[in-house]
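Asks: Next one to model:
(one chain, ligands or ions: 1)
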Amino acid sequence: MSLRTFSSYIPESWNKIGPLKILNPTGMTLQFSIDALNLTIPKSKENEKIKILDVGAGIGVLSVYASKYYSNSEIFATDISTCMIDSLNYSIEGNKLKNVVAKVMDGQNMEELQSESFDYCFSMFGLIYFPDRLKSLKEMNRLLKSNNQSKVSIGSWQSDAFLPMALEKTYEKLTGKKLATKQPALSLDDKDLFKSELEKAGFVNVQIHSIGHPINIPVERISDYLKSENPVVDDFFKLIGDDELSINKFKETFITLVSELFPNNENGFHTVQWNCFIGIGEKL
Ligand SMILES: C[S@@+](CC[C@H](N)C(=O)[O-])C[C@H]1O[C@@H](n2cnc3c(N)ncnc32)[C@H](O)[C@@H]1O
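Replies: Numbering: from 1, shown residues only. Model prediction:
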């Protein structure tokens, strides 16, 4: 199976999600984005005029939060999907954010951005879906200032992160087989590989932090996680045949599996665990 067979490696597939009209982008990546910002930007820099690059920014979960928390910062948010950038622009305009600019750009090729112009570069659960991660990491390295203080900060899912884990277990239960190739969502679930890719791109003093957050999902909302507009889910629909019967069987099996793994509590919630790595490297 080639990389290209996965929807989430195909840029156009991310357009199926949007456009969304959300003023304050939130969701389960927000808490991890706050963790990444806190781990990466020293307290002493909070009020400085730092320049932040957000690669694979999506609807702007990190960028919109950062624009308010680091109010003197300048933020440049990029994503390959027009829908995502349209959604982010809706939030920028609606909140009258003066310090965020959003632009459609391939994170593997950001040649229109000037070298050595950013203090911090983030890619929260974005880089993991780029077919050529090393190329993108080298671009991020080029774009960071050479002042012994600039840093890259990347979020990637661990193999037991709720949705990728449950999708994969559902596939195994239905087909009796293991996945032949790693799903993109888990492409950097190996701490050593993650560290070595950051080092290959030129980063030093690399640290991989392990972070987890539980999320409560109301029982009646579990099927919301199974929308084919989400390329991470579509990856599995395509693998099992992509016809209505197979998709319905997949959905039923997924819901049963989640109930077994995370039995609903007395308040009607499944408490599921999302675990990620945040890899941080310095540019000298
Ligand atoms: C799972 S979303 C993460 C969005 C956001 N960073 C967050 O934490 O919520 C992955 C994002 O990566 C973007 N993406 C995928 N391939 C890309 C590429 N080659 N260059 C830039 N962005 C890309 C998608 O369009 C999508 O918005």
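Asks: Just give the number of residues close to the closest residue in space to residue 281 that isn't next to it in sequence.
Replies: Sequence neighbours aside, residue 203 is the residue nearest to residue 281 in space, at 2.7 Å (criterion: C-beta to C-beta, 6 or more residues apart in numbering). Quick note: C-beta positions are derived from backbone N, CA and C, even for glycine. Residues within reach of residue 203, counting by other C-beta atoms under 10 Å, total 24.
Asks: wait, doesn't residue 203 sit right on residue 197?
Replies: No: using C-beta atoms under 8 Å, residue 203 is not in contact with residue 197; the gap is 9.2 Å.
Asks: would you list every one of the helices in the protein?
Replies: Counting by DSSP state H, one finds helices in the chain at the ranges 28-40, 61-69, 82-94, 133-143, 162-175, 191-200, 231-240, 244-261.
Asks: if we can go back for a sec, which residues are in contact with the residue nearest to residue 281?
Replies: 137, 141, 152, 281, 282, 283 (C-beta atoms under 8 Å, 6 or more residues apart in numbering).
Asks: Residue 272 now?
Replies: Residue 272 is in contact with 162, 166, 214, 215, 217, 258, 262, counting by C-beta under 8 Å, 6+ apart.
Asks: at 10 Å instead, please
Replies: In this structure, residue 272 makes contact with 28, 161-163, 165-166, 213-217, 222, 225, 258, 261-262, judged by C-beta atoms under 10 Å, 6 or more residues apart in numbering.
Asks: in the sheet, who's paired with residue 217?
Replies: residue 270 (DSSP bridges).
Asks: returning to that earlier point: of the helices of the chain, which stretch is the most buried?
Replies: Of the helices of the chain, the one with the most neighbours on average (mean count of other C-beta atoms under 10 Å) is helix 61-69, at a mean of 23.
Asks: That one: how far from the chain's middle?
Replies: 15 Å (C-alpha atoms, centre = their mean, to the nearest Å).
Asks: and it, what other elements does it pack with?
Replies: If you count contacts as 3 or more C-beta pairs under 10 Å, 6 or more residues apart in numbering; DSSP states H and E, helix 61-69 packs onto helix 28-40, strand 51-55, strand 74-79, helix 82-94, strand 100-104, strand 120-124.
Asks: Switch these over to TSV; also include mean pLDDT and distance to residue 18.
Replies: Formatted as TSV, the helices and strands packed on helix 61-69 follow (pLDDT from 0 to 100; distance: least, C-beta to C-beta, whole Å):
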stretch	mean pLDDT	distance to residue 18
helix 28-40	97	15
strand 51-55	99	17
strand 74-79	98	10
helix 82-94	96	3
strand 100-104	98	12
strand 120-124	99	17
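Asks: In this structure, what residue comes closest to the ligand?
Replies: Closest approach between the chain and the ligand, counting by C-beta to the nearest ligand atom: residue 58, at 2.5 Å.
Asks: one step back: and the helices of the chain: which comes nearest residue 121?
Replies: Closest of those to residue 121 is helix 133-143, at 4.5 Å (criterion: C-beta to C-beta).
Asks: The closest one vs strand 51-55, what angle?
Replies: For helix 133-143 against strand 51-55, the angle by axes from the mean of the first three to the mean of the last three C-alpha atoms, to 10 degrees is 170 degrees.
Asks: Who are the packing partners of helix 133-143?
Replies: Checking 3+ C-beta pairs under 10 Å, 6+ apart, helix 133-143 ends up next to strand 51-55, strand 120-124, strand 151-157, helix 191-200, strand 269-282.
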